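J.: A predicted structure for the sequence below; I have some questions about it.
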Number of protein chains: 4
Amino acid sequence: MPKSPRKADHAGTSSNNRLESIVDAAALMFHTKGYAATSTQDIANEVGLLKGSIYYYINSKEDLLFRIIEESHEGALRAISTVSHLDVSPLAQSYALVNTHVKVFHDDRVKHSVFFREFRSLSDDRKEIIRGAGHAYSLFLRSILVEGQELGQVDPGLNTRMATSGIVGMMNSMSFWYQEGGSWTPEEIGSQFGEQVVLGLASEECIVSSGGRKSLIKQIRGELS
Amino acid sequence: MPKSPRKADHAGTSSNNRLESIVDAAALMFHTKGYAATSTQDIANEVGLLKGSIYYYINSKEDLLFRIIEESHEGALRAISTVSHLDVSPLAQSYALVNTHVKVFHDDRVKHSVFFREFRSLSDDRKEIIRGAGHAYSLFLRSILVEGQELGQVDPGLNTRMATSGIVGMMNSMSFWYQEGGSWTPEEIGSQFGEQVVLGLASEECIVSSGGRKSLIKQIRGELS
Amino acid sequence: MPKSPRKADHAGTSSNNRLESIVDAAALMFHTKGYAATSTQDIANEVGLLKGSIYYYINSKEDLLFRIIEESHEGALRAISTVSHLDVSPLAQSYALVNTHVKVFHDDRVKHSVFFREFRSLSDDRKEIIRGAGHAYSLFLRSILVEGQELGQVDPGLNTRMATSGIVGMMNSMSFWYQEGGSWTPEEIGSQFGEQVVLGLASEECIVSSGGRKSLIKQIRGELS
Amino acid sequence: MPKSPRKADHAGTSSNNRLESIVDAAALMFHTKGYAATSTQDIANEVGLLKGSIYYYINSKEDLLFRIIEESHEGALRAISTVSHLDVSPLAQSYALVNTHVKVFHDDRVKHSVFFREFRSLSDDRKEIIRGAGHAYSLFLRSILVEGQELGQVDPGLNTRMATSGIVGMMNSMSFWYQEGGSWTPEEIGSQFGEQVVLGLASEECIVSSGGRKSLIKQIRGELS
DNA sequence: GATGAATGAGGCTTCATTCAT
DNA sequence: CATGAATGAAGCCTCATTCAT
């Protein structure tokens, strides 16, 4: 909690570099060792400052976490925005969302992982701030699925809320294994995950009318290109 | 394991209750606040002991984490064991694994969540101990998928390793949202997740030859009943 | 300090064995690891009891130290007594004292070492108790030296108090190296130390009149046999 | 040495004073109450800092002990060095060593005492470090005695190893009584101890050829002046 | 901007001791 | 006699944070 906002608010100043490098170092260490196990000393060492010096840039260790989570969050919201502007069918949108998510995750792996794993360490106030915007993601995906059901593209028996949880969970879990997956490009992952997800959602009629699974996927990829 | 095992080895004694209640209290608090943010004081308070008194039962705070993770782990391995003894087709096995996982997770939600989220806080030695057995899970699922491909049941274009990561990730992510999902029974979740997963994996031929998606699922449920 | 003498006073009872074995175990561990570094747990383990159980025999950990020191002390006092009853010349008495000391030390190495090294850990009250009797030793040696000077046997220029400190210190320092000296018998040590001490003390006239250093030693050994 | 040298390495900086005063305070308390019985609190109080604050200067309580022992050790080694450069007879060298030892001890009484009495409290690693250099002292004295025997100055019947133990022990035991001996100057002690030691070692021929004990001592003092 | 020094609170752990059974 | 369980005090150490320079 930003008790006393005496100092630190260097947005846009020339010291932005320093602040950024502090935030980045923090993100990397929070990702590697966890928020609680990372000391301000660790972070300062990484940037070549002394422990006390980083308080010129921030007000508290939690500030760093919040900033990291905020940044990662913006990426996620950009993903929503991008996808929501696509003028395609619901299934194609869900495919696109998975794809974009993997891409966005990849581009900011570290911070996204910190977001996913250390969200809990935020103060309650800040949890609320993030959560507010956070639900948007699930709501957006769910709205796609609902629309898909209305249009008959998505299996009508599907509990859309539950499906959303599963899909979001699958994507977020990348935080835990993405490092090991050095052998796959984000495109490959996005492609396969998109396919699995879509095929798991699609209604019988949709598949039949598309001429089968392969054709459905091909058709979706066509829509999106 | 900590230096010298001077004390604390009350396995099987009549004081098991106390130890168990300490472990359970710890699990709950680790789940709620995180391992690092939970103090031994917190745990002791919860059980009605003094901070120092819990060291009559354990040797270190990390012991508690280890015990919790071990216990949750055993559950997971039992799940593998159960499923691997089923004499059914690969797709039915993957369905069963997802189902069982959800059930097992539900039965020991708290400890499973602690396992998934706080694994990192273990000492390196202990990480290794758990990890050793831990890979078994992914390997098992993957072997099912590979067999499914060989039998033509699973989409031949699927990268099984990647698919495994996604499925396991989806299931593990329950740690993050299961609490909210008070409205669904584990059976419902297992059922829908199993369905989505299977449909996302199945090959074109498999679906066609089963007479469509609905039929495939029905057939699998038949195999398993 | 024996706060509340509620229990523990089993002198002469049949449980003497147990008490003795506790005291002995304690002595050994205090000698090996030091008083502060030895826990009651350690001692109890050694005797095959539980930590709490030894409090049936003693009132406090310090009791053990006190008992050990007392016992070692008695040995030292017996040495004085023995030597003081010898009807020989002062130099022969100092020779005998050194000799006896080495022997007595050897016979009760462990407790003597604890006495010498852990005396400081006693409560002030008990320090006083031991010290009272303790000075006797130095005083006795010094009285021998003084008498030696009066009789012309001991170098008249010698500061007897200082000499006493040195000699006693040399003997006590056995606590630190005796273990290593597995190659020498206590007789050998006593013999050489006695010789060095006596020759360091003897007056010119005494040596001359005895016919030299060798003769003096031979003569002293004669007196004592 | 403790796990990770995260901080504390202020050698040579301007804050040396603080570190020194902490080390000195620690030395005094370790000397007075013993290492184990001295708390970091005690030390901090003495220097006017908070308990935790002294960790800005050190990494562990044992660091303090080690530093103290190291410092005292250097003094001892300087003593060897000084004496070994003297171009005098072996007996004169042993006289000089005793003398120098007393002087060096006096100059750094407190730390020397801590060294002698609390060596055992060091970690095994550090024990080894000190011990390595430590044996040098005994070896040096012994080599003097051996040379003395070869030149006929030292009693040929003497077991040099045992004599070394006794002499070193006598000198080290100053830790136990020096405080009381406020009435003697280090010169007086060194002088008498040197005399006693030399006379206890000298061979019959050496004394005779020097014209008696007094003459021998006078001659040695001549050599050294 | 950055440093060095210090704070103060809290965390984990140990241990002598007690006591009902 | 001995156990098992618990107490309570203390100990070592870590760390986010502050602030004068």
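T.: That came through, no problem. Keep in mind the model is a prediction, meaning the values are calculated, not measured.
J.: what sits up against stretch A:214-225?
T.: A:86, A:88-89, A:91-92, A:95-96, A:195, A:198-199, A:202, A:206-207, A:210, B:204 (Cβ atoms under 8 Å, 6 or more residues apart in numbering or on different chains). For glycine as for every other residue, the C-beta is placed from the backbone atoms N, C-alpha and C.
J.: Neighbours of the residue of chain A found nearest chain D, how many?
T.: Taking Cβ to the nearest Cβ as the measure, the point where chain A comes nearest chain D is residue A:41, at 6.4 Å. Burial of residue A:41 is recorded as 14 neighbouring residues (other Cβ atoms under 10 Å in any protein chain shown).
J.: Any buried residues in the lengthiest helix in chain A, and which?
T.: Once chain A is assigned using DSSP state H, the helix that runs over the most residues is helix A:124-150. Along helix A:124-150, the positions that meet the burial threshold by neighbour count (16 or more other Cβ atoms under 10 Å in any protein chain shown) are A:126-127, A:129-130, A:134, A:137, A:140-142, A:144-149.
J.: If we only consider the contacts of stretch A:214-225, which is nearest to residue C:80?
T.: Distance to residue C:80, by Cβ to Cβ, is smallest for residue A:195 among those, at 97.4 Å.
J.: what's the closest non-adjacent residue to the spatially most central residue of chain A?
T.: Against the mean C-alpha coordinate of chain A, by Cα atoms, centre = their mean, the closest residue is residue A:76 at 4.6 Å. Setting aside the residues directly before and after it, residue A:76 is nearest to residue A:137 in space (Cβ to Cβ, 6 or more residues apart in numbering or on different chains), at 5.9 Å.
J.: separation between the residue of chain A closest to chain D and DNA strand E?
T.: From residue A:41 across to DNA strand E, the span is 9 Å (Cβ to the nearest atom of the strand, to the nearest Å).
J.: Tell me the pLDDT of that residue.
T.: Reported pLDDT at residue A:41 in the predicted model: 96.
J.: The residue nearest to the centre of chain A sits in which helix or strand?
T.: For residue A:76, the enclosing helix or strand under DSSP states H and E is helix A:61-84.
J.: and that helix, is it in reach of DNA strand F?
T.: Yes: interface with DNA strand F: helix A:61-84 contributes A:61, A:62 (Cβ under 7 Å from any atom of the strand).
J.: so where's chain A shaky on pLDDT?
T.: Using pLDDT under 70 as the threshold, the predicted model of chain A has low-confidence ranges A:1-15, A:180-181.
J.: Near DNA strand F, which residues of chain A? Just list them.
T.: Within chain A, the residues that sit near DNA strand F (Cβ under 7 Å from any atom of the strand) are A:3-4, A:38-41, A:51-52, A:55, A:59-62.
J.: Of all residues in chain A, which one is closest to DNA strand F?
T.: Distances between chain A and DNA strand F by Cβ to the nearest atom of the strand are smallest at residue A:52, namely 2.8 Å.
J.: I'd like the distance between that residue and DNA strand E.
T.: 3 Å.
J.: try residue A:98
T.: Going from residue A:98 to DNA strand E by Cβ to the nearest atom of the strand gives 40 Å.
J.: swap in residue A:80?
T.: 35 Å.
J.: Likewise for residue A:114?
T.: Relative to DNA strand E, residue A:114 is positioned 22 Å away (Cβ to the nearest atom of the strand).
J.: Check which helix or strand that residue maps to.
T.: Residue-wise, residue A:114 maps onto helix A:109-118 under DSSP H and E.
J.: So which residues make contact with that helix?
T.: Residues external to helix A:109-118 that are found in contact with it (Cβ under 8 Å, 6+ apart): A:24, A:27-28, A:30-31, A:34-35, A:65, A:68-69, A:71-73, A:75-76, A:104-105, A:172, A:174-175, A:178, B:117.
J.: do the same with stretch A:119-126
T.: Residues lying outside stretch A:119-126 but in contact with it, judged by Cβ under 8 Å, 6+ apart, are A:1, A:35, A:36, A:62, A:65, A:66, A:69, A:127, A:130, B:33, B:34, B:37.
J.: go on, stretch A:179-195?
T.: Under Cβ under 8 Å, 6+ apart, the answer for stretch A:179-195 is A:94-96, A:98-103, A:105-106, A:170-171, A:174, A:217, B:158-159, B:162-163, B:165-166, B:200.
J.: Please report how far residue A:165 lies from residue A:145.
T.: Applying Cβ to Cβ, to the nearest Å, one obtains 11 Å for the distance of residue A:165 from residue A:145.
J.: State the pair within the residues of chain A next to DNA strand F that is farthest apart.
T.: In the residues of chain A next to DNA strand F, two members sit farther apart than any others by Cβ to Cβ. They are A:4 and A:38, at 23.6 Å.
J.: which one of these two has more residues nearby?
T.: Comparing residue A:4 with residue A:38 by other Cβ under 10 Å, the one with more neighbours is residue A:38, at 22 against 6.
J.: ok, the more buried one - contacts?
T.: A:26, A:29, A:30.
J.: Please flag which of the residues you listed sit within helices.
T.: Of the positions in the contacts of residue A:38, A:26, A:29, A:30 sit in helices, assigned by DSSP H.
J.: would a markdown table of the residues you listed with neighbour count and distance to residue C:18 be doable?
T.: Converted to a markdown table, the ones in helices among the contacts of residue A:38 look like this (neighbours: other Cβ atoms under 10 Å in any protein chain shown; distance: Cβ to Cβ, whole Å):
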| residue | neighbour count | distance to residue C:18 |
| --- | --- | --- |
| A:26 | 29 | 61 |
| A:29 | 21 | 57 |
| A:30 | 28 | 57 |
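J.: With respect to chain B, which of these is nearest?
T.: Looking across the ones in helices among the contacts of residue A:38 and measuring by Cβ to the nearest Cβ, the closest to chain B is residue A:30, at 11.5 Å.
J.: How about that closest one: what's its closest non-neighbour residue?
T.: Skipping the residues right next to it in sequence, residue A:30 comes nearest to residue A:114 by Cβ to Cβ, 6+ apart, at 4.7 Å.
J.: Could you tell me how many residues sit around the one you found?
T.: Number of residues near residue A:114 (other Cβ under 10 Å) recorded here: 28.
J.: Then residue A:200?
T.: Neighbour count of residue A:200, defined by other Cβ under 10 Å: 23.
J.: next one: the one 3 residues further on
T.: Around residue A:203 there are 21 other residues, counting by other Cβ under 10 Å.
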